[in-house]
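A.B. asks: coordinates only, sequence not included:
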């Protein structure tokens, strides 16, 4: 369309292990977040870049094939392997809020809960954004 332009926020190239596989995408007021499944033995990463562009930074590394990513006001949530993980947007430790989910489906979040789909069981699950306690399953 006339008057519009394409802004490259981040450009990634092949890694020493053969390439990158960007997947999930989420945006807050400052950054664009995405998951990169990776093509290496360590796993993939959750990445972010400022909305205005600039260098991409690793938000969470060595994740087991991260897929979807969603954000609320304080945290990022993503699927990694059989787990749903969260980490504070301001930085801090990652926490599994649900495990054994076999979830590479979609995620959604609202002000109190995180929701995800489990394809193998054709189920929809939810937990509070604080996560599950004990060994309960979503």
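C.D. replies: Cool, got the structure. As the structure is a computational prediction, the values presented were derived from the model and not from experiment.

A.B. asks: pull out the buried positions in the lowest-mean-pLDDT helix or strand in the chain.
C.D. replies: The least trusted helix or strand in the chain, going by mean pLDDT, DSSP states H and E, turns out to be strand 123-128, with a mean of 76. Across strand 123-128, burial judged by 16 or more other C-beta atoms under 10 Å covers 125, 127. To be clear about C-beta, it is placed using only N, CA and C from the backbone, and glycine gets the same treatment.

A.B. asks: which residues are contacting that strand?
C.D. replies: Strand 123-128 is contacted from outside by 84, 97-98, 101, 103, 112-118, 138, using C-beta atoms under 8 Å, 6 or more residues apart in numbering.

A.B. asks: where does pLDDT dip in this protein?
C.D. replies: 1-20, 39-42, 102-105, 119-122, 130-138 (pLDDT under 70).

A.B. asks: switch to 50 and redo it
C.D. replies: By pLDDT under 50, the weakly predicted segments of the chain are 1, 15-19, 132-138.

A.B. asks: sorry, back to before: state the pair within the contacts of strand 123-128 that is farthest apart.
C.D. replies: Across the contacts of strand 123-128, no pair lies farther apart than 112 and 118, at 20.4 Å, counting by C-beta to C-beta.

A.B. asks: which of those two has more neighbours?
C.D. replies: Taking other C-beta atoms under 10 Å, residue 112 and residue 118 do not tie; residue 118 has more neighbours (20 against 11).

A.B. asks: quick one: the host helix or strand of residue 45 to chain centroid distance?
C.D. replies: Using DSSP states H and E, residue 45 sits in strand 44-50. Mean-position distance between strand 44-50 and its chain equals 8 Å (C-alpha atoms, centre = their mean, to the nearest Å).
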